[in-house]
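> below is the sequence, then the predicted model.
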Amino acid sequence: MSNRTDASHSVLLTPEQMAAADEAAIAAGAQGVDLMEAAGLAVAATVRRHWPMGPVTVLCGPGNNGGDGFVAARHLRAWGWPVRLGLLGSVDRLAPDAAHHAGLWGDAIEPFDSALLEGASVVVDALFGAGLSRPIEGLALDMLRDIAGRGLPVCAVDVPSGLDGATGQVLGMAAPARHTVTFFRKKPGHVLLPGRQLCGQITLADIGIPSQVVEGMDEIAFENEPALWRDMFPWPHADDHKYARGHVLVVGGEIMTGAARLSAMAAARAGAGLVTVAAPAPVWPVYAAVLTSVMVQPLDDASNLNDILADARKNVLVVGPGAGVSEATRQHVLAALDTGRGVVLDADAITSFGPAPQSLFSAIKGPCVLTPHEGEYSRLFSGHGSKLERARQAARQSGAVVLLKGADTVIAAPDGRAVINSNAPPTLATGGTGDVLTGFIAGLMAQGMAPFLAASAGAWLHGEAARQFGPGLISEDLPGMLPRVLRRLKAYPSTPGVTLAVPT
Ligand SMILES: NC(=O)C1=CN([C@@H]2O[C@H](COP(=O)(O)OP(=O)(O)OC[C@H]3O[C@@H](n4cnc5c(N)ncnc54)[C@H](O)[C@@H]3O)[C@@H](O)[C@H]2O)[C@H](O)CC1
Ligand SMILES: [K+]
C-alpha cells in the first residue's frame with residue numbers, strides 16, 4: 001500500500017475500481033443521477049471549449065456512458081448548439097440514471113443510423129465506456145467506421161468507444177478522439193498503448209466523487225510523475241563524499257563494448273559516487289581508452305568477478321548490457337545476486353535464463369530490478385492480460401521489481417505497487433537507450449533509492465531527457481541531458497503525503 005492524498009491525480013483506476021469508487025461515493029451520499037449530470041456537463045463544456053458552435057451529433061449507447069451523452073446533449077442544446085441525438089437500443093431498456101436523463105432530453109431521439117452524421121461538425125461518442133465487455137460489432141461498428149471514414153472530430157465520453165479502459169487494447173474498433181473526457185481518475189487504458197494514442201487530449205473531470213474513496217483500495221496503479229518519488233530522490237548532501245554516494249559495477253561485454261560504457265556513464269550522471277566497468281581482459285584497453293572518471297578493472301576469463309565483487313562498497317551491480325547470451329553471463333548474474341546487494345539485470349542477463357527462469361528467480365534475494373523489453377519478457381515469463389497485469393505477475397513471480405519496457409513502460413513491484421510511465425518519446429527507439437536506462441536506475445539505487453522508486457524515477461528521467469533533447473537523439477546524448485532534467489526536477493513542487501514508498 002502507498003500513501004495518497006487528494007493531490008495524487010496520477011492514480012489510475014481500472015473500470016472495476018472506478019465502479020467501486022462510484023459505489024463508495026453513492027454510499028457516502030452522492031446521487032448517481034448527479035454524478036451523471038456532472039459527467040455530461042463536463043463533456044458539454046469540453047465540446048464548447050474546443051469547438052466553435054456548430055451542428056453536433058451525440059451518439060448514446062445502451063449503458064450509463066450513453067446516460068452521460070444525454071446530459072451533454074441537453075446542455076449543448078441549452079447553449080444554442082444544434083444537436084442531433086441518436087440512441088443505440090431503446091429508451092425503455094436504459095438503466096434508471098440513464099433513463100432519467102434521457103427523459104430530461106424531452107424531444108425526439110433519432111434512429112441510430114448514418115443519417116445522424118450528415119452535416120455534423122463534431123461527434124460526441126457516448127456509445128460505450130467502462131462497461132465495454134466484448135468487441136464492437138453491428139450497427140455500432142458501422143457507425144464508428146463511418147465516423148472515421150468521414151474524418152469527423154470526436155469528443156469521447158470516458159474512453160473512445162471500443163477502447164478497453166483496463167488494458168488500453170481495442171475491442172473490435174475504436175474511433176480516434178480529438179478529446180476524451182474522463183471522470184475522477186484516469187484509467188490504465190488512458191496511458192497504455194494503443195489507448196493513449198486514441199484518446200487525444202484527456203480532460204479529467206471532478207464529478208463529485210470524494211478522493212478518500214481511493215484510500216484502502218488495493219493494487220492501485222499510478223501514472224508516473226515526480227510527485228510520486230521526488231521526496232525520496234537522492235540529492236547530494238553537503239557532507240557527502242564519493243563513497244557516500246555508492247559505487248556501481250557494470251560487467252562489460254567482450255564484443256559490444258559500447259553497451260556497458262553507456263550504462264556506466266548513465267550511472268555516473270545519475271549521481272553514483274563511483275562507477276567501475278569490469279572489462280573482459282582482451283578488450284580492457286578498449287574500455288580504458290574511452291572511459292575517464294569511470295574506472296575499468298580487467299575481468300579475466302577465469303572469471304575473477306568474485307574478486308572484483310569482494311569490495312562490498314560496490315553496492316549496485318549491473319549485468320546485461322552487451323553481455324552476450326552464455327553460461328559466463330549466467331555465472332556473472334548468479335555471482336552478483338549471491339552478494340545480496342543491489343542488482344540491475346538487463347538484456348542478455350535476462351535472456352540467458354530463458355531455459356530455466358526459476359534458477360534466476362530463486363537466486364534473487366536482495367534489491368533487484370529486471371528491465372526486459374517484451375521479447376526478453378516472453379523468454380522468462382508467460383504473463384497474460386494487460387501490460388500492467390503482466391508486469392505485476394512477473395514481479396510477483398520473480399521477487400524483483402520488473403520494468404517492462406516500451407513506449408508505455410510499466411514498473412511493478414512484488415508487493416503490487418505499479419507505475420505506468422507515459423513520457424517516452426518515439427525518439428527513444430534507437431540502439432543503446434535501454435543500456436542508459438539501466439545505468440540511470442543503478443546510479444539512483446547506488447545512492448540509496450529503493451529499487452521500485454529508482455526504476456520509476458529512472459524511467460521518468462530517461463523519457464524527460466529524450467523529450468528535452470528532441471529529434472536526432474542517439475543514446476550517447478542521454479546521459480549528458482541529465483543535468484538539465486535534474487535542474488527541472490529540483491524545481492518540481494513537492495507534494496506532501498503523495499509517495500510510492502511503502503510506509504516504514
Ligand atoms: N464510474 C463513475 O464514476 C461514473 C461512470 N459513468 C459513466 O458510466 C459508464 C459505464 O456505464 P456502464 O453502463 O457500466 O457501461 P457502458 O455505458 O460502457 O455500456 C456498456 C453497455 O453496453 C453493453 N455492451 C458492452 N459491450 C458491448 C458491445 N461490444 N456491443 C454492444 N453492447 C455492449 C453492456 O452490456 C452494457 O449494458 C462510464 O463509462 C461513464 O461514462 C457515469 O455516468 C458517471 C459516473
Ligand atoms: K465512449
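It's in. Ligands and ions are numbered 1, 2, ... in the order given.
> could you report the neighbour count for the residue in the stretch 251-400 of the chain positioned nearest to ligand 1?
Per Cβ to the nearest ligand atom, residue 386 is where the stretch 251-400 of the chain lies closest to ligand 1, at 17.5 Å. Every C-beta, even on glycine, is put in place using the N, C-alpha and C of the backbone. Residues lying near residue 386 (other Cβ atoms under 10 Å) number 22.
> contacts only, for it.
166, 167, 168, 169, 188, 192 (Cβ atoms under 8 Å, 6 or more residues apart in numbering).
> for PyMOL, what selects the buried ones among these?
To isolate in PyMOL the members of the contacts of residue 386 that are buried, counting by 16 or more other Cβ atoms under 10 Å, one can use:
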select buried, resi 166+167+168+169+188+192
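> export the contacts of residue 386 as TSV, with columns for secondary structure, distance to ligand 1 and pLDDT.
Putting those into TSV (DSSP: H, G, I helix; E, B strand; the rest coil; distance: Cβ to the nearest ligand atom, whole Å; pLDDT from 0 to 100) gives the following:
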residue	secondary structure	distance to ligand 1	pLDDT
166	coil	12	95
167	coil	14	96
168	coil	15	97
169	coil	13	97
188	helix	14	97
192	coil	17	97
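> which of the contacts of residue 386 lies closest to residue 227?
Distance to residue 227 across these (Cβ to Cβ) is lowest for residue 188, with 18.4 Å.
> okay, the closest one and ligand 2: tell me how far apart.
16 Å (Cβ to the ion, to the nearest Å).
> so what's that residue up against?
12, 14, 165, 166, 167, 168, 221, 386, 388, 420.
> list the beta-bridge partners for the residue nearest the centre of the chain.
In the chain, the C-alpha nearest the mean C-alpha coordinate belongs to residue 420, at 1.8 Å (Cα atoms, centre = their mean). Beta bridges link residue 420 to residue 223, residue 410, judged by DSSP bridges.
> verify the contact between it and residue 221 for me.
Yes. Using Cβ atoms under 8 Å, residue 420 is in contact with residue 221, at 6.2 Å.
> okay, and the common contacts of the two?
12, 188, 388.
> name the SS class of residue 81, please.
coil (DSSP: H, G, I helix; E, B strand; the rest coil).
> that one - how many residues pack around it?
20.
> circling back: let me see the contact set for the residue nearest to the centre of the chain.
Taking Cβ under 8 Å, 6+ apart as the test, what residue 420 contacts is 12, 188, 191-192, 221-224, 388, 408-411.
> residue 28 now?
Residue 28 neighbours (Cβ under 8 Å, 6+ apart): 210, 213.
> then the one 4 residues further on?
Contact partners of residue 32, counting by Cβ under 8 Å, 6+ apart, are 22, 26, 96, 97.
> re the thing from before, now, which of the contacts of residue 188 sits nearest residue 256?
Once Cβ to Cβ is applied, the member of the contacts of residue 188 that ends up nearest residue 256 is residue 420, at 30.0 Å.
> pLDDT score assigned to that closest one?
Residue 420 carries a pLDDT value of 97.
> in the chain, which strand is the longest?
strand 274-280 (DSSP state E).
> can you list the strands that that one pairs with?
Short version: by DSSP bridges, strand 274-280 pairs with strand 247-251 (parallel), strand 295-299 (parallel).
> got the residues of this protein near ligand 1?
18-19, 22, 35-36, 39, 61-68, 128-136, 140, 157-158, 183-184, 207, 209 (Cβ under 6 Å from any ligand atom).
> and the residues you listed, which of them are buried?
18, 22, 35-36, 39, 61-68, 128-132, 136, 140, 157-158, 183-184, 207, 209.
> inside helices: which ones of these?
Per DSSP state H, helices hold the following members of these: 18, 22, 35, 36, 39, 64, 65, 66, 67, 68, 140.
> need the nearest residue in space to the first one, chain neighbours excluded.
Closest residue to residue 18 apart from its sequence neighbours, by Cβ to Cβ, 6 or more residues apart in numbering: residue 130 at 5.8 Å.
> quick one, phi psi at the one you found?
phi -70, psi -20 (degrees, to the nearest 10).
> what about it, distance to residue 299?
54 Å (Cβ to Cβ, to the nearest Å).
> would you list every one of the strands in the stretch 1-150 of the chain?
In the stretch 1-150 of the chain, strands defined by DSSP state E, counting those that start in this stretch lie at 11-12, 56-60, 83-87, 122-126, listed in chain order.
> residue 196 is nearest to which of those strands?
Of the strands of the stretch 1-150 of the chain, nearest to residue 196 by Cβ to Cβ is strand 11-12, at 11.7 Å.
> which elements pack onto that closest one?
Contact analysis of strand 11-12 by 3 or more Cβ pairs under 8 Å, 6 or more residues apart in numbering; DSSP states H and E lists helix 188-191, strand 221-223 as its packing neighbours.
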